[in-house]
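Q: Show me how the following folds:
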Amino acid sequence: MNNLPDDFADYKPHDIDALSDNHGRSFNRIKTNQIRNFFSRIISIRTYYRDKKTFDQKIERDLIMLKPLLAYASRHREVKIFRDFMVNYIDKVIESKNKVIALDNFFSLVEGIVAYHKFYGGKEN
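A: Residues are numbered from 1 along each chain as shown. Prediction:
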């Protein structure tokens with residue numbers, strides 16, 4: 001995974017799938033409901049984005065405000081790695097030259113992590 005492009009908009013589907021698979025497996029000590037709480041916020045952002053069809057200030061604000069949500073969840077030690085990973089990719093979306101594609105990639109990444117987490121038997125509540 002060391003040869004990934006700098007700009008998140010330039011990630012290919014196989015890059016996102018490999019990241020999702022690798023991290024969905026590595027986050028297996030995190031409880032499903034902890035990931036689902038984060039994912040529900042992502043779904044809200046995605047719904048707004050699909051209605052507006054543009055990356056605007058509200059989306060940027062909502063992405064940035066995921067960081068405190070993740071910080072609160074990371075008071076549980078096993079969530080800290082997940083938090084660090086997600087904050088990195090939130091920043092990659094915001095810093096991207098093509099925020100629309102980067103945001104779509106972010107949605108795909110999070111969906112993939114949730115799917116692989118469940119596939120690899122992530123902890124139940």
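Q: can you tell me which residues contact residue 9?
A: Residues in contact with residue 9 (Cβ atoms under 8 Å, 6 or more residues apart in numbering) are 96, 97, 98, 99, 100, 101, 102, 105. From N, CA and C alone the C-beta is placed, and that goes for glycine too.
Q: what secondary structure does residue 101 sit in?
A: helix (DSSP: H, G, I helix; E, B strand; the rest coil).
Q: before we move on, the earlier item: tell me the one of the contacts of residue 9 nearest residue 59?
A: The closest of the contacts of residue 9 to residue 59 turns out to be residue 99 (Cβ to Cβ; 8.3 Å).
Q: That closest one: how many residues sit nearby?
A: 20 (other Cβ atoms under 10 Å).
Q: how deep is the spatially closest residue to it that is not a sequence neighbour tucked in, by neighbour count?
A: Counting by Cβ to Cβ, 6 or more residues apart in numbering, residue 99 lies nearest to residue 55, which is 4.1 Å off, once chain neighbours are set aside. Other residues lying near residue 55 total 20 when counted by other Cβ under 10 Å.
Q: ok but residue 55 is inside a strand, no?
A: No. When classified by three-state DSSP, residue 55 is found to be coil rather than part of a strand.
Q: That one contacts residue 49, doesn't it?
A: Yes. Assessed by Cβ atoms under 8 Å, residue 55 is found in contact with residue 49 at 7.4 Å.
Q: Common neighbours of these two, please.
A: residue 103.
Q: low-confidence ranges in this structure?
A: 1-2, 123-125 (pLDDT under 70).
Q: Now do the same for the most centrally placed residue in it: helix, strand or coil?
A: Among the residues of the chain, the one closest to the centroid is residue 110, at 3.9 Å (Cα atoms, centre = their mean). Of the three states, residue 110 takes helix according to three-state DSSP.
Q: Provide the secondary structure category for the closest residue to it other than its chain neighbours.
A: Ranked by Cβ to Cβ, 6+ apart and with sequence neighbours excluded, the top spatial neighbour of residue 110 is residue 42, at 5.0 Å. Under three-state DSSP, the three-state class of residue 42 is helix.
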